[in-house]
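Asker: Got a sequence here, can you model it:
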Amino acid sequence: VYYRDPSNGKVSYLPGTGVQDINLLKLFNWDRLNSNGDLQQDGDGQFDFVPGLTIDENNGKLIFTKTQPFGKYIENVLGGHDPKFVFSDLYTQLKSVATQANLAQRYTLEGRFKGSGAQGIALGAVNIPKGSVKVTSNGVELVEGVDYTVDYLLGTVTIINEMIKQSGQAISVSLENQLAFNTQKKRFIGLNLERKISDNFLIGATMVNYRETPLTHKVQFGQEAVNNTMLGMNIAYNNEATFLTRFTNKIPLVNTEAKSNISFRAEAAYLIPGENNNMQNQSYIDDFEQATSRISLKEPSMWSLASKPEQNTSDPIFNTAGLSNNLTYGYGRGLISWYNIDPRFYGVGGSAPNGVSAQSLSNHASRRVHQGELYTIKDYVAGEE
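Answerer: Numbers count the residues shown, from 1 in each chain. Predicted coordinates:
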């Protein structure tokens, strides 16, 4: 939120007032939380993106926490009606009149937004071999299963690291496209039979079949594999017609010796539509299995302390669950701390800092745990260990 001061230009406060040390975001109660969603006395200087309270995501509208924020609210904050800051015409006059007021262009709301897709990044290929996808952020290679996940069957990449998504950094994805080796199987066969009844009469029948085999068992709507059969029949008759020659010669001033012929051809076909039996007559309008919500254990902002079961006060572990506005309500909670281990400690991306010993790296409270320690018989690809 900015105020256009005629002397100082665009500023984020109300100059020359008793609240000039307070940012306008905070003045309008739009900056009360930190990046983790916790209350913070001075805020963090960023807009508190709280759906339903400060913003309407579906309609793209900001929600003010006070009625008439640029009118009565500013007047109450300043302790009087200051015509340089209080814009009451915004709420009492018609739009055509309010836009002509001196304060019409004094306050501005500026920001930026970006959209997100539930399906992740489409790779444009299917049946991708595991380990063939490489994702980088600003040139730094990301780790599969930690920073992103890959659906190798449908060919989509989903970024799960919230820090990377919020950083706005450019993400690059490369892969080995297997479409050339996993092309859809198609079969086209036909049979044509003809029977010559006489030198002048011919009859025939044709059958053709076109069959497709789907690449996956999850076939998208409109891309179903077909199994169509077409049946056809044709006849042909051709014979000399001397009576036509005689009839033509009876026309005055016409005399011809050319032979006349009668030729007749007819064809008919019938299509029998079908589908590949491997699909079990099913197609997917949308793959709802892909619309999953992943909660990363490594992102503190994705987690919050849960409440105790209120109706289970007889359990000694939750005996304080019925209390309210009491610090003892929090007794018995488990302690959880989040931290990210710098890969340089292990010689990845640079040399380890001074003072990091092998003993500290092997401490069970903070060391790296590879998946192979937990799942000893599982096969891994590069980047998953």
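Asker: would you put the C-alpha positions of the lowest-mean-pLDDT helix or strand in the chain in CSV?
Answerer: Between all helices and strands in the chain, the lowest mean by mean pLDDT, DSSP states H and E belongs to helix 162-167, at a mean of 76. Output of helix 162-167 as CSV, limited to C-alpha atoms (Å, rounded to 0.1, in the frame of the first residue of the first chain):
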residue,chain,number,x,y,z
GLU,A,162,8.2,-25.1,-0.8
MET,A,163,11.3,-23.0,-0.5
ILE,A,164,12.0,-23.5,-4.2
LYS,A,165,8.4,-22.8,-5.2
GLN,A,166,8.4,-19.6,-3.2
SER,A,167,11.8,-18.4,-4.4
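Asker: If you count neighbours, what's buried in that helix?
Answerer: Ile164 (16 or more other Cβ atoms under 10 Å). Any C-beta I mention is one placed from the backbone N, CA and C, and that applies to glycine too.
Asker: Next SSE downstream of that helix?
Answerer: Helices and strands here follow DSSP states H and E; after helix 162-167, the next one along the chain is strand 171-174.
Asker: Who does that following strand pair with, and is each partner parallel or antiparallel?
Answerer: strand 134-137 (antiparallel) (DSSP bridges).
Asker: Alpha carbons of the partner strand, as CSV, please.
Answerer: Below are the C-alpha coordinates for strand 134-137, written out as CSV (Å, rounded to 0.1, in the frame of the first residue of the first chain):
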residue,chain,number,x,y,z
LYS,A,134,16.8,-34.1,-14.5
VAL,A,135,15.5,-31.0,-12.8
THR,A,136,17.6,-27.9,-12.1
SER,A,137,16.8,-24.6,-10.4
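Asker: List the contacts of it.
Answerer: Defining contact as Cβ atoms under 8 Å, 6 or more residues apart in numbering, one finds that strand 134-137 is touched by 141-142, 144, 147-148, 157, 159, 164, 167, 169-175.
Asker: Looking at those residues, which has the smallest pLDDT value?
Answerer: Here the lowest pLDDT out of these sits on Ser167, with 73.
Asker: and the contacts of strand 134-137, which two are the farthest apart?
Answerer: Farthest-apart pair in the contacts of strand 134-137 is Ser167 and Leu175; separation 22.8 Å (Cβ to Cβ).
Asker: Run through the chain and note the low-pLDDT ranges.
Answerer: The chain contains residues with pLDDT under 70 at 114-119, 176-183, 216-218, 278-280, 286-299, 312-313, 332, 334-340, 349, 380-385.
Asker: ranges for the helices of it?
Answerer: With DSSP state H as the criterion, the chain has helices at 24-27, 72-78, 89-92, 95-98, 162-167, 242-249, 358-361, 371-374.
Asker: Would you mind putting those into JSON lines with distance to Thr328 alongside?
Answerer: Output for those, formatted as JSON lines (distance: least, Cβ to Cβ, whole Å):
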{"stretch": "helix 24-27", "distance to Thr328": "33"}
{"stretch": "helix 72-78", "distance to Thr328": "38"}
{"stretch": "helix 89-92", "distance to Thr328": "48"}
{"stretch": "helix 95-98", "distance to Thr328": "54"}
{"stretch": "helix 162-167", "distance to Thr328": "33"}
{"stretch": "helix 242-249", "distance to Thr328": "115"}
{"stretch": "helix 358-361", "distance to Thr328": "37"}
{"stretch": "helix 371-374", "distance to Thr328": "37"}
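Asker: any idea which of those helices is most buried?
Answerer: Comparing these by mean neighbour count (mean count of other Cβ atoms under 10 Å), helix 24-27 comes out on top with a mean of 19.
Asker: still on that earlier bit, among the contacts of strand 134-137, which ones are buried?
Answerer: Buried members of the contacts of strand 134-137, counted by 16+ other Cβ under 10 Å: 142, 144, 147-148, 157, 159, 164, 171, 173, 175.
Asker: The helices of the chain: which one's closest to Arg195?
Answerer: Judging the helices of the chain by Cβ to Cβ, what sits closest to Arg195 is helix 242-249, at 27.1 Å.
Asker: Show me the contact partners of the closest one.
Answerer: 254-260, 262.
Asker: cool, and stretch 97-104?
Answerer: By Cβ under 8 Å, 6+ apart, stretch 97-104 touches 70, 83-87, 89-90, 93.
Asker: Buried members of those residues into ChimeraX, please.
Answerer: Per 16+ other Cβ under 10 Å, the buried members of the contacts of stretch 97-104 correspond to this ChimeraX selection:
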select :70,84,85,86,87,89,90
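Asker: So which elements touch the least confident helix or strand of the chain?
Answerer: On a contact count with 3 or more Cβ pairs under 8 Å, 6 or more residues apart in numbering; DSSP states H and E, helix 162-167 meets no helix or strand.
Asker: Can you tell me how far Val86 is from Gly71?
Answerer: Using Cβ to Cβ, to the nearest Å, we find Val86 at a distance of 6 Å from Gly71.
Asker: give me phi/psi at the closest residue to Tyr152 other than its chain neighbours?
Answerer: Distances taken as Cβ to Cβ, 6 or more residues apart in numbering put Ile128 closest to Tyr152, at 4.6 Å, once the chain neighbours are dropped. For Ile128, the backbone dihedrals (degrees, to the nearest 10) come out as phi -80, psi 130.
Asker: mind listing the strands in the stretch 1-150 of the chain by residue range?
Answerer: Using DSSP state E, counting those that start in this stretch, the strands of the stretch 1-150 of the chain run over residues 2-5, 9-11, 55-56, 61-62, 107-108, 121-122, 134-137, 140-141, 148-151.
Asker: tell me the most buried of those strands?
Answerer: Buried most deeply of these, by mean count of other Cβ under 10 Å, is strand 148-151, with a mean of 20.
Asker: the domain parsing of this protein - what is it?
Answerer: Here the domain parsing of the chain from automatic domain parsing is 1-113, 121-174, 185-279.
Asker: Out of those, which is closest to Glu373?
Answerer: The closest of these to Glu373 is domain 121-174. By Cβ to Cβ, the value is 15.0 Å.
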